[in-house]
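Peer 1: Fold the following, please.
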Amino acid sequence: IFAAAAPIAAVVTFLLLHRGFFGLASMSSASIAGCLLFSGGTFLYVSTVHILGELRGPHKDLNPKELFALSLGCFVPVILFSGHDHGH
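Peer 2: Numbers count the residues shown, from 1 in each chain. Got it, this is the predicted structure:
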């Protein structure tokens, strides 16, 4: 159930924002997509850091190579989203 919570909440949030609830009818589709991307990325970051902590055990830090890979993975969605246009 927990794994389904984030995608369901993302779709519900999109529908609420898209239909003009909360007085946000003036938001563009790109702004809504950016908000959903940020919230999804936050969920992925928290779950990844939690899993890494479980795998590494107590009191073990990430080495610079692992930290770079984690940081890169966090910023790839932002890089992919910037400049993206569906042509609508």
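Peer 1: Quickly note the distance from the residue nearest to T13 when sequence neighbours are not counted to H18.
Peer 2: Counting by CB to CB, 6 or more residues apart in numbering, T13 lies nearest to L36, which is 6.8 Å off, once chain neighbours are set aside. Where C-beta positions appear, they are placed from N, C-alpha and C, glycine not excepted. Computed with CB to CB, to the nearest Å, the distance linking L36 and H18 is 11 Å.
Peer 1: List the buried residues in the helix or strand hosting S71.
Peer 2: In this assignment (DSSP states H and E), S71 forms part of helix 64-81. Within helix 64-81, no residue counts as buried by 16 or more other CB atoms under 10 Å.
Peer 1: Other residues contacting it?
Peer 2: With contact meaning CB atoms under 8 Å, 6 or more residues apart in numbering, helix 64-81 is reached by A33, G34, L37, G40, G41, Y45, T48, V49, L52, L62.
Peer 1: Does the last one touch L52 like I think?
Peer 2: Yes. Here L62 lies in contact with L52, judged by CB atoms under 8 Å, at a distance of 7.3 Å.
Peer 1: Check this protein and tell me which residue is nearest its centre.
Peer 2: With distances taken as CA atoms, centre = their mean, the residue of the chain nearest its centroid is G41 (1.7 Å).
Peer 1: residues in contact with it?
Peer 2: By CB under 8 Å, 6+ apart, G41 lies in contact with C74, P77, V78.
Peer 1: ok, 6 Å please
Peer 2: Residues counted as contacts of G41 (CB atoms under 6 Å, 6 or more residues apart in numbering) are P77.
Peer 1: what about it, distance to T48?
Peer 2: G41 sits 10 Å away from T48 when distances are taken as CB to CB.
Peer 1: N63: how many residues sit nearby?
Peer 2: 9 (other CB atoms under 10 Å).
Peer 1: ok now do it, which residues does it touch?
Peer 2: No residues are in contact with N63 under the rule CB under 6 Å, 6+ apart.
Peer 1: Please pull out the lowest mean pLDDT helix or strand from the protein.
Peer 2: helix 29-56 (a mean of 77; mean pLDDT, DSSP states H and E).
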